[in-house]
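K.L.:
return a 3D structure for these sequence lines:
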Amino acid sequence: MIQPVFSIITVTYNAEQWLERTILSVLSQSYPHIEYILIDGASTDGTLEIANRYASGITCLLSEPDKGLYDAMNKGLHKATGDYVWFLNAGDTLPTADTIYRMVKRLDKRGIYPDVLYGETNLVDADGRSLGARRLKAPKQLTWKSFRMGMLVCHQSFLVKRELAPDYDLNYRLVADYDWCIQCLKRSNTIHHTHMILSNFLEAGMSTVNRKASLKERYEIMCRYYGKLPVIVLHGWFAVRFYFAKWVKGRV
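P.N.:
Prediction:
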């Protein structure tokens, strides 16, 4: 089998604190068929100095103003030429230097390269220290309907064939990646759980205002794909489960 090319895309803006470790985790991969794309939103700190330091290993480096995170991610998609696209934002890393090699080796044994590859995620803090596994575990079998329960697979541990990947919907400012993953899954015929940790995700936190806005956007997306009534019922169940868990915790 001809081994696939992975287009790994990093989107940055004033990310000098975290970018280097992301670049190094990509450039240190033992797997040779990687196209690394870095899209910067015209940073004003030392981000570009760091990127230029590793320019020989970056396939495409673009720095210009954009309309936000997902506009920059669309630029990355348009620059990609590999078989799969894979997004790692500044601060996110690949867990080991042989992560991609081991994943491809397992796929070679299966004799097929699926439309979507997904796996588990570890969380790290701003200093790169491990915070443990992500609370939501990747399901054994994933379909577009699985996401009615939320973002079950972290975006950084979700790879899709480039030919199937749509643009991000810029109508969503905070959770367009949730919509994007659903669209990718709807377009896919073969979806494979790698049973590997595919990324270390930077848990940077979110302001209360943005958290509320992101929940609102996600609710709109869920209604769009799964129907308003089922989503209302599902959120009622979420609320009951949350308050029951809180009550039990208070009695311990």
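K.L.:
who touches L38 in this structure?
P.N.:
For L38, the contacting residues are I9, T10, T12, I23, A51, I58, C60, L61, L62, taking C-beta atoms under 8 Å, 6 or more residues apart in numbering as the criterion. For the C-beta atoms, the positions are set from N, CA and C on the backbone; glycine is no exception.
K.L.:
mind giving me the PyMOL command for buried ones among the residues you listed?
P.N.:
Here the buried members of the contacts of L38 are turned into a PyMOL selection, burial being counted by 16 or more other C-beta atoms under 10 Å:
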select buried, resi 9+10+12+23+51+58+60+61
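K.L.:
which of the contacts of L38 lies closest to L77?
P.N.:
For those, the residue nearest L77 by C-beta to C-beta is I9; the value is 7.3 Å.
K.L.:
which SSE is the closest one in?
P.N.:
strand 6-12 (DSSP states H and E).
K.L.:
can I get stretch 128-145 in CSV, CA atoms only?
P.N.:
As requested, the backbone C-alpha atoms of stretch 128-145 are provided in CSV (Å, rounded to 0.1, in the frame of the first residue of the first chain):
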residue,chain,number,x,y,z
GLY,A,128,3.0,21.3,28.9
ARG,A,129,2.4,19.3,32.1
SER,A,130,-0.1,16.4,31.9
LEU,A,131,-3.5,16.9,33.4
GLY,A,132,-4.6,13.4,32.6
ALA,A,133,-7.0,12.0,30.1
ARG,A,134,-9.9,14.0,28.6
ARG,A,135,-13.2,13.3,30.5
LEU,A,136,-15.1,12.3,27.4
LYS,A,137,-13.8,9.0,26.0
ALA,A,138,-13.9,8.3,22.3
PRO,A,139,-16.7,5.8,21.6
LYS,A,140,-15.8,2.4,20.2
GLN,A,141,-18.0,3.1,17.2
LEU,A,142,-18.4,6.7,15.9
THR,A,143,-21.0,8.1,13.6
TRP,A,144,-22.4,11.6,12.9
LYS,A,145,-25.2,10.7,15.3
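K.L.:
pull out the buried residues from it.
P.N.:
Neighbour-count burial for stretch 128-145, with 16+ other C-beta under 10 Å as criterion, is recorded at R134, A138, L142, W144.
K.L.:
what's the closest of those residues to K79?
P.N.:
Here the nearest of the buried residues of stretch 128-145 to K79, counting by C-beta to C-beta, is W144; it sits at 26.3 Å.
K.L.:
so how far is K186 from that closest one?
P.N.:
4 Å (C-beta to C-beta, to the nearest Å).
K.L.:
with F201 instead?
P.N.:
Computed as C-beta to C-beta, the F201 to K186 distance reads 24 Å.
K.L.:
more crowded one of the two?
P.N.:
Neighbours per residue, other C-beta atoms under 10 Å: of F201 and K186, the larger number sits with F201, 21 against 13.
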